[in-house]
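> This is a predicted model, with the sequence first.
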Amino acid sequence: MQNKEVYDELVAKFEKMYGAKPEIVAYAPGRIEVLGNHTDYNEGYVFSAAIDKGTFFAVSATADDTCELTAGDFMETAKFTTSTVKPATEMTWQNYVTGTFNWLFDGNPASAKHGWKGMFLGNIPLGAGLSSSAALEMCTVLALSKLYGIEKDKTAMAKIGQKAEHTFAGCPCGLLDQASSMYGKEGALVKSDFRYNTFETVEMGPKVAFMMVKSNAKHALVDGAYASRRQACEDAAKHFAGVLRKKVTHLRDVTMAEWVLYRSGLAETTAKRAVHPIGEDERVLQGAALLEKGDLAGFGALMYDSHESSRNWFENSCEELDTIVDTAKAIPEVYGARLSGGGFGGSCCLLVDPSAADKIAAQITKEYKAKYGDEPVCSLIKPSEGAHFV
Ligand code: GLA
């Protein structure tokens, strides 16, 4: 079992607190985003992978309508009933779980036949852009759907987590994080098409690995920067729908050539934002063809292009992430590097030759430390199995 020490600690803490072993334990991993940035809510394409770190949710039914939820790391407990579920302004960590519970019951958790007591524990670093919150939502939805005997497919479960983000956590995210956590496969990338919500897996082979480099720059998607980017994309899509003589509902429908021709009708900033997901979609499709041919250098070059687009056009990078990518570029054993996820801090994802991992980590750490005084965290990531029961 992956992360067995986390599971053992959770079950021991659960038993100590609630006096019996949990009825159900589910696990869901975090994710890395490899290519295709801010494309999910534009109905575009993404390459991502579930990672080898994740979160466990342990739960048992209660006899009445009471619910109790404990964060297994700092042992804080929230208490509520099935009819008092609402977004919390204190102990806001509970919103990922209570929001998921709420939408598993279509917004009417009071209709649940009984309550539950649950505890979660994971090992995904927080604020690193590795989707710890989506992992928590996905192990929650898996465990609670089993507890109540509710049947949902993976995409429906992912959407429940996304709704929890929108309404309880306040982040207008796309479906990428939850879908990657659900559809991940060992040793493989997930290639998603968010127009049709189709998820294919693509084997990576043993010659490459991913290295995540966590900057110490702040990463918070609920403070408005993410929402303003999403809004700009939607505004741009409306503009293109008006000027192009074809159906446009999202930026997915707009090509780079069309952006060049018709961008002048957009405000400067909106035009800059729009070209990022448009270019990213093209890069993911090119990247898929390159991966099929085994062209890792070509795929890596697209990752560098993706970062340039974030840096210059979408402006969701920051100095620390740029430093990591610029350092990576000078190391021959790194094929490609880019920021991963929402941006504005968090982590970079590097495609590397695993036999040179120590050298790469040392070089990046050295240059980062010289500039900022503290050290980034470099870790090799194994693409892993998606959410499942334990
Ligand atoms: C965050 C969001 C995702 C996606 C990425 C950027 O991780 O939660 O839905 O938009 O940013 O690609």
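Alright, I've got the coordinates. Model, not experiment: these values are computed from the prediction. Numbers count the residues shown, from 1 in each chain.

> what's the single longest strand in the protein?
strand 45-61 (DSSP state E).

> Give me the mean pLDDT for that one.
In this model, strand 45-61 has an average pLDDT of 98.

> Can you give the strand pairings for it, parallel or anti for each?
In the sheet containing strand 45-61, its partner strands are strand 24-35 (antiparallel), strand 116-122 (antiparallel), strand 188-193 (antiparallel), by DSSP bridges.

> Turn those into JSON lines, including distance to residue 49, mean pLDDT and mean neighbour count.
The way it works is simple: take the backbone N, C-alpha and C, and place the C-beta from them, glycine included. Converted to JSON lines, these look like this (distance: least, C-beta to C-beta, whole Å; pLDDT from 0 to 100; neighbours: other C-beta atoms under 10 Å):
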{"stretch": "strand 24-35", "distance to residue 49": "5", "mean pLDDT": "98", "mean neighbour count": "28"}
{"stretch": "strand 116-122", "distance to residue 49": "17", "mean pLDDT": "98", "mean neighbour count": "24"}
{"stretch": "strand 188-193", "distance to residue 49": "5", "mean pLDDT": "98", "mean neighbour count": "23"}
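
> where's the residue of the stretch 201-350 of the chain at minimum distance from the ligand relative to residue 288, distance?
For the stretch 201-350 of the chain and the ligand, the shortest gap (C-beta to the nearest ligand atom) falls at residue 342, measuring 3.5 Å. According to C-beta to C-beta, to the nearest Å, residue 342 and residue 288 sit 23 Å apart.

> So between those two, which is more surrounded?
residue 342 (24 against 17; other C-beta atoms under 10 Å).

> List the backbone torsions phi and psi for that one.
Main-chain dihedrals, residue 342, degrees, to the nearest 10: phi -60, psi -40.

> Kindly report the same for the one 5 residues further on.
Dihedral pair for residue 347: phi -120, psi 160, per degrees, to the nearest 10.

> In the sheet, which residues pair with it? Tell me.
Going by DSSP bridges, residue 347 forms beta bridges with residue 214, residue 340.

> what sits up against the helix or strand hosting residue 335?
Element membership for residue 335, per DSSP states H and E: strand 334-340. With contacts defined as C-beta atoms under 8 Å, 6 or more residues apart in numbering, strand 334-340 is touched by 32-35, 37, 129, 208, 212, 296-297, 299-304, 306-307, 310, 316-317, 321, 324-325, 328-329, 346-353, 360.
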